[in-house]
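S.K.: here is a sequence with its predicted model. Questions after.
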Amino acid sequence: MAQITRRAFTRFALASLLAANAPRGFSQTTGTHTSATPVALRIGYQKSSTLITLLKASGSLEQALAPLNVRISWNEFASGLPLTEALNVDAVDFSADVADTVPIFAQAAHARFVYVAQEAPSPGAQAIIVKKDGTLRTLADLKGRRIAVTKAAGSHYLLLAALARAGLKPADVGVNYLSPADGRAAFERGSVDAWITWDPYVASVERDGDVRVLSDGAGLASYQRYYLASRTFADAHPQIIETVFDQLKTAGGWLRANPLDAANTLAPVWGLDAATIERANARRSYLVRSVAPRNFAEQQTIADAFYRAGLLPAPVETKEALYWDFAAGQAKPIGA
């Protein structure tokens, strides 16, 4: 008998766990009949979309959605803003986790989306990276410096919150809007003095003896990541939304219980070593929960900060956004 590899066993174990937790017999239990025409589910994700990456790698989501005759297509984006722009123009149906800042920009653009799920806070999963032997020692030292950050990412709000804590304004620093890859390259060649990013990018440079963390998000930005769906798609396919939600919760529980196996599964996908991935994952909660208004208060604080910085064309009332009420099987305003 051929010996099963550790990686194959890990994927098999994850797929088996997720399949065991998948909802059964939708057509029989709900009265909804499976369509003869497959339902297309276009999922957008980023490199940091850990749970979606695990589901994709294991094939578990396809298996769980098979009773509903769903065909999944996977679409990778460099960061959250272009992902939600794709959601806005109906190029994707479901967005894997994006930082708390990103849906605010989508709301400002009048995108028809609904908050489906939220990961509990992970403030340590993003950070301000500086050179170890440089002169940047406090947040106040950022004044006049060149900073690389990805526009509208969670790290962008970390920058605004850090500047406010130090009594500085965005105009007091030189901001360079760069993708994570370009931000790292600019930081390494010295074109910028600080790079603000999120995991696994933080973990990928932390082991370099030449860098250090000036500050993470603790006390500045709680960093809750949100899963979103097209309002049209969610209204038409509530069972699919619920199945994806259940699979994400199960994948999060599996990762927390099996951090090394999860890291080994992600390593070939992310092109990082397992130790780096395990370090990054330890800073993320991966606790997937439904969106409750009581866990939503920081969204307005974030929206107000971006508006004051001149980065939003008009004030955004986050309570007017929609969240998915699983009990009712429909979208409802946050402020209802």
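M.R.: Looks like it came in fine.

S.K.: CA only for contacts and neighbour counts going forward, please
M.R.: Noted.

S.K.: what segments of the stretch 151-300 of the chain are strands?
M.R.: Using DSSP state E, counting those that start in this stretch, the strands found in the stretch 151-300 of the chain span residues 174-177, 194-198, 211-216, 225-230, 288-289.

S.K.: and the last one, what's its mean pLDDT?
M.R.: The pLDDT scores in strand 288-289 average 96.

S.K.: possible to save the strands of the stretch 151-300 of the chain as CSV with distance to A152 and mean neighbour count?
M.R.: Shown next, in CSV, are the strands of the stretch 151-300 of the chain (distance: least, CA to CA, whole Å; neighbours: other CA atoms under 10 Å):
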stretch, distance to A152, mean neighbour count
strand 174-177, 9, 17
strand 194-198, 12, 28
strand 211-216, 17, 19
strand 225-230, 13, 25
strand 288-289, 22, 20
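
S.K.: okay, stretch 284-300 in CSV with CA atoms only?
M.R.: Below are the C-alpha coordinates for stretch 284-300, written out as CSV (Å, rounded to 0.1, in the frame of the first residue of the first chain):
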residue,chain,number,x,y,z
ARG,A,284,-5.5,35.7,14.2
SER,A,285,-8.6,34.6,16.2
TYR,A,286,-10.2,32.6,13.3
LEU,A,287,-13.3,32.7,15.4
VAL,A,288,-16.0,33.1,12.8
ARG,A,289,-19.3,34.5,14.1
SER,A,290,-22.4,36.1,12.7
VAL,A,291,-22.4,39.8,12.5
ALA,A,292,-24.1,41.3,15.6
PRO,A,293,-24.7,45.1,15.9
ARG,A,294,-23.0,45.0,19.3
ASN,A,295,-19.8,43.9,17.7
PHE,A,296,-20.0,46.5,15.0
ALA,A,297,-19.3,49.8,16.9
GLU,A,298,-15.8,50.3,15.7
GLN,A,299,-16.9,50.4,12.1
GLN,A,300,-18.3,53.9,12.6
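
S.K.: just checking the distance from it to the centre of its chain.
M.R.: Its chain's C-alpha centre and that of stretch 284-300 lie 12 Å apart, by CA atoms, centre = their mean, to the nearest Å.

S.K.: how about stretch 250-266?
M.R.: How far stretch 250-266 lies from its chain's middle: 16 Å, per CA atoms, centre = their mean.

S.K.: try stretch 198-209
M.R.: Here stretch 198-209 is found 17 Å from its chain centre; the criterion is CA atoms, centre = their mean.

S.K.: and for stretch 84-93?
M.R.: Centre-to-centre, stretch 84-93 and its host chain are 16 Å apart (CA atoms, centre = their mean).

S.K.: domain parsing for the chain?
M.R.: 6-121+224-333, 123-216 (automatic domain parsing).

S.K.: ranking the ones you listed by mean pLDDT, which is last?
M.R.: Note on the domains of the chain: lowest mean pLDDT is at domain 6-121+224-333, with a mean of 88.

S.K.: can you give me the helices in the protein?
M.R.: Along the chain, the stretches classed as helices by DSSP state H are 6-20, 26-30, 50-58, 60-65, 80-88, 102-108, 154-165, 180-188, 201-206, 231-236, 238-257, 259-270, 274-281, 297-308.

S.K.: among those helices, which comes closest to A194?
M.R.: For these, the distance to A194 is smallest for helix 180-188, at 6.5 Å, taking CA to CA.

S.K.: could you list the residues in contact with that closest one?
M.R.: Outside helix 180-188, the residues that touch it by CA atoms under 8 Å, 6 or more residues apart in numbering are 78-79, 148-150, 192-195, 197, 201.

S.K.: and the angle for that helix with strand 211-216?
M.R.: Helix 180-188 and strand 211-216 are oriented at 120 degrees to each other (axes from the mean of the first three to the mean of the last three CA atoms, to 10 degrees).

S.K.: all set, thanks.
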